[in-house]
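# What follows is a predicted protein model with its sequence.
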Amino acid sequence: MPTALNTLSVLKDRSIGQTGSGSGVVSPDQAAPLLESTDLLKGNKAVGILHNGSLYRLQATKLGKLILTK
């Protein structure tokens, strides 16, 4: 029987969602902080995120998906 993924296993798995150079990869022995999207959006449809001097936009769609754009 396959093991069900839980939040901790997804956050610790280096192969899930890994693209690019991996400079932000979480080591297997540490879990990444878990944030609720509602805590980030705080009732707004979109928020700006400043990262390394660039502005990104995190937006919630009508279907409940998240879109991150630069």
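Noted; the coordinates are in hand. Numbers count the residues shown, from 1 in each chain.
# just checking, residue 59 touches residue 65?
No: judged on Cβ atoms under 8 Å, residue 59 makes no contact with residue 65 at a distance of 9.1 Å. Using the backbone N, CA and C atoms, a C-beta is placed for each residue, glycine as well.
# Toward the C-terminus, what is the element adjacent to the worst-scoring helix or strand of the chain on mean pLDDT?
Least confident helix or strand of the chain, by mean pLDDT, DSSP states H and E, is helix 7-12 with a mean of 51. Counting by DSSP states H and E, the next helix or strand C-terminal to helix 7-12 is helix 37-41.
# Outside of that following helix itself, list whatever touches it.
Helix 37-41 has contacts (Cβ atoms under 8 Å, 6 or more residues apart in numbering) with 47, 58, 60, 66.
# rewinding a little: looking at residue 59 and residue 65, which is more packed in?
When residue 59 and residue 65 are compared on other Cβ atoms under 10 Å, the one with more neighbours turns out to be residue 59, at 14 against 8.
# Once you drop chain neighbours, what's closest to that one?
Among residues not flanking residue 59 along the chain, residue 46 sits closest, at 4.1 Å (Cβ to Cβ, 6 or more residues apart in numbering).
# Next up, the contacts around that neighbour.
Residue 46 neighbours (Cβ under 8 Å, 6+ apart): 57-60.
# tell me the domain boundaries of the protein?
1-33, 35-70 (automatic domain parsing).
# Where among those domains is average confidence lowest?
Confidence, taken as mean pLDDT, is least for domain 1-33 of those (a mean of 57).
# Can you give me the neighbour number for residue 64?
Counted with other Cβ under 10 Å, residue 64 comes out at 7.
# Are we agreed that it is in a strand?
No: counting by DSSP: H, G, I helix; E, B strand; the rest coil, one finds residue 64 to be coil, located in no strand.
# Would you mind measuring from it to residue 51?
Residue 64 sits 24 Å away from residue 51, going by Cβ to Cβ, to the nearest Å.
# Likewise for residue 69?
12 Å.
# What of residue 35?
Residue 35 is 15 Å from residue 51, by Cβ to Cβ.
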